[in-house]
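Trainee: Generate coordinates for the sequence data below:
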Amino acid sequence: MEREKVEILERSFGRFFKTGEEYLFKCPKCEHSKRKLSVNVDKNVFKCWICGYSGIDISSLLKRHAPYSEYSKWTSFSESVDLTRFEDIFSSKPYRQEKPVVNLPESFKTLTGKTNSYGARHAMSYLKDRGINKADILKWKIGYCDTGEYARRICIPSFDEVGDLNYFIARSYANHFPKYKNPPVSRDVIFNDLYIDWDESVVLVEGVFDAMNAENAIPILGSSLGENSQLFRKIVKCRKEVYIALDSDAESKERKIIKDLMDYDVEVRKIYLGSYSDVGDMSKETFLKLKKESTVVNNTDYLYQYLNF
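Mentor: Alright, predicted model coming up:
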């Protein structure tokens, strides 16, 4: 079967030479004159050593840069999910659903302006202790509640892709139980989809305070991400690189998310938190450093060692 696959690659990308287990072609993305696109058919990975273009499923390379006939032949040899059937796979749960009505608590007060009241000062003190500055408050439209059901809680609204409120997070700043008290609607939302740049890679984190320390980050509002969820669907449709950095105590659930994304040909990079329990505990600078040190997950290392479902 490897010979047939190599023939597909040769018809798609031209002449090659082999070194060890790798086949070297000209990169269709940067079009460098030298053959620096390394393809490992056995491990099903590729990387260009000039521009850094890489992936964990060769079918994605063919889908983007080869004739459809060659891509079709390749997928007949593999177990990759055909993304053209993505809507059919989830036909039992249509992507576009009727929007639930979500309103901010009546006592919500913004912290983006002057904050001289007693409640505002306490809310600001809590945010400052968490390393959240005024720029973060403005970006995330953070407010607080001083009376009612959500009294003495930080309130962070979420807006869908057209700017409608679809959720909010209410976190106690006075050690109330439970810590989080959220609206009585489904958590199946893309938190602050309005502000996500889907032309760039996205970062998946567990909670909203984690997301504040990472650029273009989406909190999954927990530690699981179902294949039927709006967020999972949009990631697969946009087909952008995903960085994942869940809390250290959610390792098994994180691996499940990684496996599910890889099944749909999404390239995933794992961010190792080191001694930190979550992204919210570190500075933005530290997170950026760890992000740069992240590694691409593939079936021959991370998943092979740890996934046993």
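Trainee: all contacts plus neighbour counts: C-alpha atoms, from now on.
Mentor: Fine.
Trainee: Show me the strands in the stretch 201-309 of the chain, by range?
Mentor: 202-205, 217-219, 242-244, 268-270, 295-296 (DSSP state E, counting those that start in this stretch).
Trainee: now for the second one, which elements pack on it?
Mentor: Spelled out, that is strand 217-219. When contacts are defined as 3 or more Cα pairs under 8 Å, 6 or more residues apart in numbering; DSSP states H and E, strand 217-219 sits against strand 202-205, helix 208-211.
Trainee: same question, the third one
Mentor: For strand 242-244, the contact count by 3+ Cα pairs under 8 Å, 6+ apart identifies strand 202-205, strand 268-270 as packing neighbours.
Trainee: Among the ones you listed, which one carries the weakest average confidence?
Mentor: Mean pLDDT is lowest for strand 268-270 out of the helices and strands packed on strand 242-244, coming in at a mean of 93.
Trainee: show me what contacts the residue nearest to residue 146 when sequence neighbours are not counted?
Mentor: Nearest residue to residue 146, sequence neighbours excluded (Cα to Cα, 6 or more residues apart in numbering): residue 152, at 5.0 Å. By Cα atoms under 8 Å, 6 or more residues apart in numbering, the residues touching residue 152 are 119, 123, 144, 145, 146, 172, 173, 174.
Trainee: Next: residue 270.
Mentor: 243, 244, 245, 294, 295, 296, 297.
Trainee: from those, which is closest to residue 134?
Mentor: Each of those was scored against residue 134 by Cα to Cα, and residue 245 proved nearest at 24.6 Å.
Trainee: Could you tell me how many residues sit around that closest one?
Mentor: Neighbourhood size, residue 245 [other Cα atoms under 10 Å]: 28.
Trainee: wouldn't it be in contact with residue 271 here?
Mentor: Yes. Counting by Cα atoms under 8 Å, residue 271 is a contact partner of residue 245 at 5.3 Å.
Trainee: Is it correct that residue 199 is in contact with residue 240?
Mentor: Yes. Contact criterion Cα under 8 Å: residue 199 and residue 240 qualify, at 7.3 Å.
Trainee: Have a look at those two and say which one is more surrounded.
Mentor: residue 240 (18 against 10).
Trainee: Look up phi and psi at that one.
Mentor: Residue 240 adopts backbone torsions of phi -100, psi 160, taken as degrees, to the nearest 10.
Trainee: Pull the contacting residues for it.
Mentor: Per Cα under 8 Å, 6+ apart, neighbours of residue 240: 198, 199, 200, 201, 202, 266, 267.
Trainee: can I get the strands of the stretch 201-309 of the chain in a markdown table with distance to residue 138?
Mentor: Formatted as a markdown table, the strands of the stretch 201-309 of the chain follow (distance: least, Cα to Cα, whole Å):
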| stretch | distance to residue 138 |
| --- | --- |
| strand 202-205 | 20 |
| strand 217-219 | 16 |
| strand 242-244 | 25 |
| strand 268-270 | 29 |
| strand 295-296 | 32 |
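Trainee: Pull the number of nearby residues for residue 164.
Mentor: Other residues close to residue 164 by other Cα under 10 Å number 15.
Trainee: Can you give me every residue that contacts it?
Mentor: If you count contacts by Cα under 8 Å, 6+ apart, residue 164 has none.
Trainee: ok, now how distant is it from residue 228?
Mentor: In this view, residue 164 and residue 228 are 22 Å apart by Cα to Cα, to the nearest Å.
Trainee: got it, and residue 296?
Mentor: Counting by Cα to Cα, the separation of residue 296 from residue 228 is 24 Å.
Trainee: ok, now residue 243?
Mentor: 20 Å.
Trainee: neighbour-wise, which of the two wins?
Mentor: residue 243 (23 against 16).
Trainee: Enumerate the positions of stretch 41-59 that are buried.
Mentor: 41, 43-48, 54-59 (16 or more other Cα atoms under 10 Å).
Trainee: Kindly report the same for stretch 1-14.
Mentor: Buried, per 16+ other Cα under 10 Å, within stretch 1-14: 6, 8, 9, 12, 13.
Trainee: What is the nearest of the residues you listed to residue 72?
Mentor: residue 8 (10.1 Å).
Trainee: Cross-check the contact I'm expecting between the closest one and residue 72.
Mentor: No. With contact defined as Cα under 8 Å, residue 8 does not count as touching residue 72 (10.1 Å).
Trainee: now the contacts of residue 240: which count as buried?
Mentor: By 16+ other Cα under 10 Å, the contacts of residue 240 give 201, 202, 266, 267 as buried.
Trainee: Any chance of those in TSV with distance to residue 27 as columns?
Mentor: Putting those into TSV (distance: Cα to Cα, whole Å) gives the following:
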residue	distance to residue 27
201	21
202	24
266	20
267	18
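Trainee: Name the nearest of those residues relative to residue 18.
Mentor: residue 267 (24.8 Å).
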